[in-house]
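# Sequence first, then the predicted structure, then my questions.
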Amino acid sequence: MNVMDEIERNDLLRALPEEQRRRLLPRLDRVELPNGHVLSDVGRRPAHVFFPTASVVTLHHVLKDCFSAEFAIVGREGAVGLDSMFSDKPSADRAVVLQGGSALRIDKRALKWEFFRSQELQQVLVQYTWSLMGFVAQTAVCNRHHCLDQRLCRWLLLAQDRLPGNQLVVTQEFLSHLLGVRREGVTQAAGRLQRAGLIRHRRGHVTILDRTGLEAGACECYETARRTVAPSRLPEMRPRPLVTQQMTA
């Protein structure tokens, strides 16, 4: 797939006028992002902005004791690293590829140059950034006030919405970091969802059996998140294919 075709797979780039997309075209590189790849990390100075097309990236804040929690998840609806356009300070957060796949990469200086030249690009990126701020605020409230079972349902739904396929590979330890809880808590919450018939959980795998039930079990924050920042071309909500989430113990 060439870069022009790949542009159509990212909501932000697809929203730009044809002339603007053609100006960006020679500055964009198609890259394959493997599972677990760290796009940016605490203390590093990011050099690129990434527009996922068939990949999913998780953003989380890391404390000095290395404890972390996810504050956003980004798929084909958004971009990773926009803040680096306006600052050369080391990053305070970590961006990790949750679902491997393709993305378009651009040098942050090149994107900044185009940003100040194009009102259309400014509008698209500012609107997305504003929506992402709402997503982060909602995530903070959710983590503070809702139980782990609700948050796990919410996270599984948000991740599935962004998957280019139906497979997700994630360790229980990594999932515990994303949710900001101990690994034992994730195991117990997954067990409760299994007993309720919503998922099938065994060593290394979680299969979603009842998406409607997961939606009912999730807190109100899932629907809020979908309205705030969500891929524009979601699969049909019902019926949904089964999804296998691999959680290595």
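That came through, no problem.
# worst-scoring helix or strand of this structure, pLDDT-wise?
Taking mean pLDDT, DSSP states H and E as the measure, strand 243-246 is the helix or strand of the chain with the lowest mean score, a mean of 40.
# before we move on, what SS does the residue nearest to residue 218 when sequence neighbours are not counted have?
Nearest residue to residue 218, sequence neighbours excluded (CB to CB, 6 or more residues apart in numbering): residue 153, at 3.8 Å. (Each C-beta comes from the backbone N, C-alpha and C, glycine too.) Following DSSP: H, G, I helix; E, B strand; the rest coil, the label given to residue 153 is helix.
# Per-residue pLDDT of residue 153, please?
As predicted, residue 153 sits at a pLDDT of 92.
# What is the helix or strand containing residue 23 packed up against?
Using DSSP states H and E, residue 23 sits in helix 18-24. Where contact means 3 or more CB pairs under 8 Å, 6 or more residues apart in numbering; DSSP states H and E, helix 18-24 is packed against helix 3-7, helix 108-117.
# Identify all contacting residues around stretch 18-27.
Stretch 18-27 is contacted from outside by 3-4, 7, 13, 16, 106-107, 110-111, 114, 118, 120-121, using CB atoms under 8 Å, 6 or more residues apart in numbering.
# Pull out the buried residues from that stretch.
By 16 or more other CB atoms under 10 Å, the buried positions in stretch 18-27 come out as 20-21, 24, 27.
# From the chain's centre, how far out is that stretch? Work that out for me.
Here the centre of stretch 18-27 is set off from its chain's centre by 25 Å, with CA atoms, centre = their mean, to the nearest Å.
# With stretch 180-194 instead?
With CA atoms, centre = their mean, you get 21 Å for stretch 180-194.
# from now on call the first residue 2
Yes, from this point I'll number from 2; that puts the last item at stretch 181-195.
# got a list of contacts for it?
So stretch 181-195 is contacted by 68-71, 144, 149-150, 153-154, 173-174, 176-177, 180, 200-202, 207, 215, 218, 248, 250 (CB under 8 Å, 6+ apart).
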